[in-house]
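Asker: Dropping the sequence and predicted coords here.
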Amino acid sequence: LWQVLFFIGLLEIPFLLKLANGSVDGTGDLGFDPLGMAQDSESFNKRQVTEVKNGRLAMIAISGMTHHYFLTGKGPIDFITQIPNFRSCAAAAVTTQLCV
């Protein structure tokens with residue numbers, strides 16, 4: 001676990017350097033653009049909006065799954081396997097005790 005925290009901390013070094021210099025402007029831009037996609041500002045702005053929308057959708061999805069678990073006490077795989085006539089790898093894994 002400490003290795004994961006160490007490497008996540010390494011990823012924060014560029015932000016901490018910007019913070020120390022006082023050049024943080026609140027946009028979250030760390031200057032990481034190896035493919036040079038920020039050169040076309042119109043498509044770059046479109047990609048930024050798309051990324052924000054995808055992030056918001058992911059947060060809504062995770063919160064929905066969490067609330068479902070708290071209300072029913074069943075996780076997504078448990079719930080799916082109880083749907084009648086549902087045949088999948090997840091259902092087979094639960095019935096054969098592979099994911100217990």
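Answerer: It's in. Please read these numbers as outputs of a predicted model, since none were measured by experiment.
Asker: And Phe6, how far from Leu17?
Answerer: Counting by Cβ to Cβ, to the nearest Å, the gap from Phe6 to Leu17 is 18 Å. For the C-beta atoms, the positions are set from N, CA and C on the backbone; glycine is no exception.
Asker: got it, and Trp2?
Answerer: 23 Å.
Asker: The two - which one has more neighbours?
Answerer: Under the neighbour definition other Cβ atoms under 10 Å, Trp2 and Leu17 were set side by side, and Leu17 has more, 12 against 6.
Asker: Secondary structure element holding the more buried one?
Answerer: helix 13-21 (DSSP states H and E).
Asker: Next secondary structure element downstream of that helix?
Answerer: Downstream of helix 13-21 (by DSSP H and E), the next one is helix 41-72.
Asker: Now do that next one, average pLDDT.
Answerer: Averaged across helix 41-72, the pLDDT comes to 89.
Asker: for it, packing partners?
Answerer: helix 76-81 (3 or more Cβ pairs under 8 Å, 6 or more residues apart in numbering; DSSP states H and E).
Asker: If you count neighbours, what's buried in the helix it packs on?
Answerer: Thr81 (16 or more other Cβ atoms under 10 Å).
Asker: mind saving the C-alpha coords of that helix as PDB?
Answerer: Output in PDB follows, covering the C-alpha atoms of helix 76-81 (Å, rounded to 0.1, in the frame of the first residue of the first chain):
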ATOM      1  CA  PRO A  76     -24.200  -4.900  -8.800                       C
ATOM      2  CA  ILE A  77     -23.200  -8.500  -9.500                       C
ATOM      3  CA  ASP A  78     -25.600  -9.900  -6.800                       C
ATOM      4  CA  PHE A  79     -28.400  -7.900  -8.300                       C
ATOM      5  CA  ILE A  80     -27.800  -8.900 -11.900                       C
ATOM      6  CA  THR A  81     -27.600 -12.500 -11.100                       C
END
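Asker: re earlier: the helix holding Leu17 packs against which elements?
Answerer: Contact partners of helix 13-21 among helices and strands, from 3+ Cβ pairs under 8 Å, 6+ apart: none.
Asker: quick one: average pLDDT of it?
Answerer: 82.
Asker: Ok, stretch 81-92 next?
Answerer: Mean predicted confidence for stretch 81-92 is 65.
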